[in-house]
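sharing a sequence plus its predicted fold:
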Amino acid sequence: MASTYVETGTRIRVYDSSVKTHASLPLGTYRVHFDGKEGFSLLRVENLTAGGERVYGQREQKVEKIFRSYERTDRSLGVLLSGDKGQGKSLFLRMVGQEAIARGIPVVLVTQDADGIADFLDSLEECLIIFDEFEKIFPNGRQLHHGEVNRQHQFLSLFDGMSQVKRIYCVTVNDVHDVSQYIVNRPGRFHYHMRFDYPGPDEVRQYLTDQAPEAPASEVQSAALFSRRVRLNYDHLRAIAFELNNPTAQFSEIVHDLNIKAIEPSHYRVEARFADDSCLAGETALNLFERVHDTRTLELRNKQRSLYISFLPRDLVFEEDGSIQLPLHKTDILDEYDETPDDLPVSVSLTLVGHNTYAFDAF
């Protein structure tokens, strides 16, 4: 059997005849592998595909936007994807990887940390480099023990996009608070920060209409309104759609039995409106699955007014339009002097924070 001699630096390695040499990285998908003796290498894996799963939230347009911008720029392009689990970040990554292969761009997956990995990645030719759950593989200062090094900072020069080789860096994180301050809010390193919010009522309605065609329209509507009160991710919606595919299913019964009761508290925007249409607003965290009897007190303040509103979560009223109201006669409202204010609000409402429709309307 003929041998192939590969020389790198001062070392010559001997391989059998199955060895192939390439002038450039062959098109395909690879995972970075590190071995203490052999160093870094690329292992070929299956290409990423989105499959036949329907995508919601205009994700196709965002994939197109990434590659359109990459074609226009003369430097590397960074894309940061953030959002809680179950919001579709992994599916979006598969869509980006699939599109990269279609455009002739190799894909490299980074799933482990090792000293020198940034230099190895910078030795690669044009490709799409994907870091899934970046903050878990490469912890930053908040997660480190005394004396440990911030593992995210090794990539700062790589992400600057100033390498002579043009690449796309696509990074997903669950919590941006666990990402270095030199990465978040730095468009020079990550031009895009695409946030994966909880699906709003319109997306919930469309999803269940597609995935549960046997479900009565009234039950789909009940689920859509419910999503205005409690955050539902796509894992929740898959389970709800499965149950609603039974024509006799009722959403009010489904939600009591499904394993979505133990979710963490959600954040709600509380608005107290006055007769002159002015408004005091603040935020609070509640778990509306737990109709507890413990009193909650929220401070609402601006330059003119200061209110302390105390209420019981079990007194909240869920209106048919999906809104949440707090009956004034079941609240204790005091001013900063612990007295009942002369000017009381005419209504107090709660709105779920986190839907993509929330945006910047507080400003």
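Done, it's in. Just so you know, these numbers come straight off a predicted model, no measurement behind them. Residues are numbered from 1 along each chain as shown.

what's the closest non-adjacent residue to the residue most central in space within the chain?
For the chain, the residue nearest the mean C-alpha position is Gly83 (1.7 Å; CA atoms, centre = their mean). Excluding the flanking residues, the one nearest Gly83 by CB to CB, 6 or more residues apart in numbering is Phe196, at 3.0 Å. C-beta coordinates here come from the backbone N, C-alpha and C atoms, glycine included.

Val184 now?
The spatially closest residue to Val184, leaving aside those adjacent along the chain, is Val176, at 5.4 Å (CB to CB, 6+ apart).

burial measure for the one you found, as a count.
For Val176, the neighbour count with other CB atoms under 10 Å is 15.

distance of it from Ser123?
Here Val176 is placed at a distance of 29 Å from Ser123 (CB to CB, to the nearest Å).

state the phi and psi torsions of Asp132.
Phi and psi for Asp132, reported as degrees, to the nearest 10, are phi -100, psi 130.

which ones are touching it?
Listed by CB atoms under 8 Å, 6 or more residues apart in numbering, the contact set of Asp132 reads Ser90, Leu93, Leu109, Thr111, Thr172.

Arg273 now?
Residues near Arg273 by CB under 8 Å, 6+ apart: Cys279, Pro345, Val346, Ser347, Val348, Ser349.

what ranges does the stretch 1-150 of the chain have for its helices?
For the stretch 1-150 of the chain, the helices defined by DSSP state H, counting those that start in this stretch cover 59-72, 89-102, 117-122, 134-137.

quick one: closest of the ones you listed to Glu7.
The closest of the helices of the stretch 1-150 of the chain to Glu7 is helix 117-122. By CB to CB, the value is 19.3 Å.

where does pLDDT dip in this protein?
Across the chain, the ranges flagged by pLDDT under 70 are 1-2, 141-148, 261-264, 289-293, 354-363.

burial count for Arg238?
12.

pretty sure it contacts Asp210?
No: assessed by CB atoms under 8 Å, Arg238 is found out of contact with Asp210, at 11.6 Å.

and Leu286, what does it touch?
The contact partners of Leu286, taken as CB under 8 Å, 6+ apart, are Pro265, Ser266, Tyr268, Arg296, Pro313, Leu350.

er, Leu258 actually
Counted by CB under 8 Å, 6+ apart, Leu258 has contacts His236, Ala239, Ile240, Glu243.

how about Ser41?
Neighbour list for Ser41: Val32, His33, Phe34, Asp35 [criterion: CB under 8 Å, 6+ apart].

of these, keep whichever come out buried.
Val32 (16 or more other CB atoms under 10 Å).

now the helices for the stretch 151-300 of the chain?
Assigned by DSSP H, counting those that start in this stretch, the helices in the stretch 151-300 of the chain fall at 156-159, 201-211, 217-226, 234-244, 251-257.

of all these, which lies closest to Pro139?
Nearest of the helices of the stretch 151-300 of the chain (CB to CB): helix 156-159, 15.2 Å.

for that closest one, which residues meet the burial criterion?
For helix 156-159, a neighbour-count test (16+ other CB under 10 Å) marks Leu158, Phe159 as buried.

helices and strands around that helix, which ones?
Where contact means 3 or more CB pairs under 8 Å, 6 or more residues apart in numbering; DSSP states H and E, helix 156-159 is packed against helix 117-122.
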